[in-house]
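>>> predicted model and sequence follow; I will ask about them next.
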Number of protein chains: 2
Amino acid sequence: MPRPTLPPLLYTDTHTSADMLYFGRVEVHDPFIAFGARGKKITAQRALEFGRVKRTGAFDVVLPQEPWLDKARQRYGAKAGVPEVIATLARAYGQRAFRVADDFPAALYLQLTKLGLRLKFADGLLFPEREIKSRWEAECIREGNRLCSVGYTVAEKTLRAARIKGRTLLYQGQPLTSERLRFAIDTAINEQGGNAQDTIVAGGDQACDPHERGSGPLRPHELIIIDIFPRVVKTGYFGDMTRTYLKGRPREVQRRLVATVREAQKRALRAMRAGVDGRSVHAACADFFTESGYETKRTQNASVGFFHGTGHGLGLAVHDPGRMSPTVPYPLKLGSVLTVEPGLYYPGLGGCRWEDVVQVTATGTKALSRHPCNWEIR
Amino acid sequence: MPRPTLPPLLYTDTHTSADMLYFGRVEVHDPFIAFGARGKKITAQRALEFGRVKRTGAFDVVLPQEPWLDKARQRYGAKAGVPEVIATLARAYGQRAFRVADDFPAALYLQLTKLGLRLKFADGLLFPEREIKSRWEAECIREGNRLCSVGYTVAEKTLRAARIKGRTLLYQGQPLTSERLRFAIDTAINEQGGNAQDTIVAGGDQACDPHERGSGPLRPHELIIIDIFPRVVKTGYFGDMTRTYLKGRPREVQRRLVATVREAQKRALRAMRAGVDGRSVHAACADFFTESGYETKRTQNASVGFFHGTGHGLGLAVHDPGRMSPTVPYPLKLGSVLTVEPGLYYPGLGGCRWEDVVQVTATGTKALSRHPCNWEIR
């Protein structure tokens, strides 16, 4: 990968921008200035953040923002703000041109251009190297997926202990709901150093909407999709896995749906290796579904079948760069980490998704997630 | 407040942008197109999100993105992407000019300008009305603060049950750490429908860094800052409160520190009402600290004293528009909701912060947070 020639300039926070977290390796929840110059990573920080960023971040130089604001005001007048501080810093470091992310703030872009800075869009990733995961990063993601597995273990235990009473699942004397099961999963993950947000626990037709979190009573004999994507608090990396369960007795059509999705995942995995286009991996799933008689189409109010991508990059963001979708060309990169998550959704029958995480190798993939298949729970 | 004349255009996700969540009232984790035209809120959604957004969002029109991409390709060629889809939609709705947020993505801004759209920066808030909270919004924020109070109740119970053994606090036979106490707090909040992230539980000198989350054993006889800012999962609104505790016997200097911070908060509250400049509210705290002998200054590696703002807006973001800081002019708006959180930090002595939330009225403020003062725990 060619090394970008211009140093980066960022103005954002680490909640919004995984790029910023990647660059500075320290969480700061308000937008701040960071840039490269003279081969160093430089940031200006308010008094509030200064000490912590200096102590725990990866920046080579941490400057206090207030005196630089004073300098900017001396030069540009009392109304000087962030653009003038950046211009003042750029002048001080003799660096007048930067590369910026495509989503760099537009107003600031124009102001800096007026102040004489030359900004070039990265036209893709600001840090292309972010896509390739080091051994350490792969281990961080593996830890995220271990936390997912912790969640599934709790879910299985809970479903196993639940008692079927008519159309209800009773757990500890109360109806088992999406909310209760989500709470049990999230708490177990939290206890082990993860932060699970927006965990999906959706049964029956709710699960046919892949981003519906799920609410209300879970039903016996219905497919239940559980999609967990916790952050490892210590490192900031995510895990992301999905399993589908059924408490009770599956009908043959449900069994076949699950078997078909799991087989599609295997086909996707077999199709993956460095250099392969993500579209062809997606096609391996989509074609298999079609051949197996599972149609994908859009109806008036929703879609049915397989209507999301087969996978996406995973790292410091749940949706990291990289994807395997029907339309966007994307050659799989050696060392990149992707989810593999085919799914089928048919209201009336239910939804099934099966998601694991792999790192792309020259000859195939290396698994970064692991959890046994226990989807039928009696 | 004058009504902005141009309709808004957004391209972002609701994780990054509270504006988008405010506009559409539905969470979507990947960037998407949303805009106003003909007095309606319009969005284009991928198949994956279409049904859920249509069912649960506040948009008047939800368009499927794929056919609009096809239309854009017919007009602009096979390489058409997001900019061309927006241009195609704008043409179809006869709306060629929009207002955009200052942090609209810069590359997209330039592409749309090239495609003939006229984009005007909001130069401030994209939705100025977001700053003024309705009765319903105030109740959502109050619920967030109720969750904070749930957290403090758990913290107090835990600290009370802990046993002092030399320099250690023992709880259920094990040393009580920041991590354990944070877990207990977050779990209690999670159980009641909140999502607490990055809760601060920091004792001793750790607490002198206001954004340090805290780690390791908590010590008796040391000030412990607990800052909780949970999201109400159902509505997306945040609570944000801080309390300071001490398990054991406070020294007189610690008592005085806490009393001074609490008195500063009272002075800030007395200074607040619609029309007052946030800087003068901040000055009410800062001057009182100085008069009381508490100096604020920056040392080589950190700052001591009172070196953060007195408060910030709170709503769909933890840091919503609005602030009371030493330098930025900000006239308090009728109906806006702000935190009030003076603090003092001196390594060796420890840190204290006391944070509540109020809504600004014509004559003063209305409390949106409540938790009794039980800071000394024997």
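Nice, thanks for sending it over.
>>> tell me which residues are up against stretch A:182-191.
A:147-148, A:150-155, A:158, A:195-196, A:199, A:201, A:213-214, A:226, A:228, A:230, B:183, B:186-187, B:190-191 (C-beta atoms under 8 Å, 6 or more residues apart in numbering or on different chains). Every residue, glycine included, has its C-beta placed from N, CA and C.
>>> 6 Å instead, please
A:147, A:150-151, A:154-155, A:158, A:196, A:199, A:201, A:230, B:183, B:186-187, B:190-191 (C-beta atoms under 6 Å, 6 or more residues apart in numbering or on different chains).
>>> please enumerate the strands of the stretch 1-150 of chain A.
A:9-12, A:32-37, A:40-45, A:61-64, A:97-100, A:118-121 (DSSP state E, counting those that start in this stretch).
>>> okay, those strands, which one's buried deepest?
Of the strands of the stretch 1-150 of chain A, the one with the most neighbours on average (mean count of other C-beta atoms under 10 Å in any protein chain shown) is strand A:9-12, at a mean of 25.
>>> check the offset of the helix or strand bottoming out on mean pLDDT in chain A from the chain's centre.
The least trusted helix or strand in chain A, going by mean pLDDT, DSSP states H and E, turns out to be strand A:297-298, with a mean of 87. Taking C-alpha atoms, centre = their mean, to the nearest Å, one finds strand A:297-298 lying 26 Å from the centre of the chain it belongs to.
>>> for stretch A:269-289, same thing?
On C-alpha atoms, centre = their mean, the centre of stretch A:269-289 falls 20 Å from that of its chain.
>>> and the residue of the stretch 251-378 of chain A nearest chain B?
A:Ala302 (3.4 Å; C-beta to the nearest C-beta).
>>> distance of that residue from B:Val53?
Relative to B:Val53, A:Ala302 is positioned 11 Å away (C-beta to C-beta, to the nearest Å).
>>> same question for A:Pro217.
The value you get for A:Pro217 to B:Val53, if C-beta to C-beta is used, is 25 Å.
>>> which one's more surrounded, those two?
For the pair A:Pro217 and B:Val53, the greater number of neighbours falls to B:Val53 (25 against 17), based on other C-beta atoms under 10 Å in any protein chain shown.
>>> what pLDDT is listed against the more buried one?
With respect to pLDDT, B:Val53 has a value of 95.
>>> same deal with A:Pro2?
45.
>>> what does the least confident helix or strand of chain A rub up against?
So strand A:297-298 is contacted by nothing (C-beta under 6 Å, 6+ apart).
>>> hmm, the longest helix along chain A touching chain B?
Secondary structure assigned by DSSP state H gives helix A:135-161 as the longest helix of chain A. No. Helix A:135-161 is not in contact with chain B by C-beta under 6 Å from any C-beta of the partner chain; minimum separation 13.3 Å.
>>> and that helix, what does it pack onto?
helix A:178-191, strand A:223-228, strand A:231-232, strand A:241-247 (3 or more C-beta pairs under 6 Å, 6 or more residues apart in numbering or on different chains; DSSP states H and E).
>>> of those, flag the one that's most buried.
Most buried among the helices and strands packed on helix A:135-161, counting by mean count of other C-beta under 10 Å: strand A:223-228, with a mean of 28.
>>> hey, what's the closest residue in space to A:Val53 that isn't next to it in sequence bridged with?
Among residues not flanking A:Val53 along the chain, A:Gln45 sits closest, at 4.9 Å (C-beta to C-beta, 6 or more residues apart in numbering or on different chains). Counting by DSSP bridges, A:Gln45 is bridged to A:Pro64.
>>> and A:Gln45, how far from chain B?
11 Å (C-beta to the nearest C-beta, to the nearest Å).
>>> with only the CA atoms kept, save stretch A:53-68 in PDB.
C-alpha atoms of stretch A:53-68 as PDB (Å, rounded to 0.1, in the frame of the first residue of the first chain):
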ATOM      1  CA  VAL A  53      -4.000  12.700  27.000                       C
ATOM      2  CA  LYS A  54      -0.300  13.300  27.700                       C
ATOM      3  CA  ARG A  55      -0.100  10.400  30.100                       C
ATOM      4  CA  THR A  56      -2.200   7.800  28.300                       C
ATOM      5  CA  GLY A  57      -2.300   8.800  24.600                       C
ATOM      6  CA  ALA A  58       0.000   7.900  21.700                       C
ATOM      7  CA  PHE A  59       0.800  11.500  20.700                       C
ATOM      8  CA  ASP A  60       4.400  12.500  20.600                       C
ATOM      9  CA  VAL A  61       3.600  16.100  21.400                       C
ATOM     10  CA  VAL A  62       0.700  17.300  23.500                       C
ATOM     11  CA  LEU A  63       0.300  21.000  23.500                       C
ATOM     12  CA  PRO A  64      -1.900  23.000  25.800                       C
ATOM     13  CA  GLN A  65      -4.600  24.600  23.700                       C
ATOM     14  CA  GLU A  66      -5.200  27.800  25.600                       C
ATOM     15  CA  PRO A  67      -1.800  29.500  24.900                       C
ATOM     16  CA  TRP A  68      -2.100  28.600  21.300                       C
END
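>>> brilliant, that's me finished.
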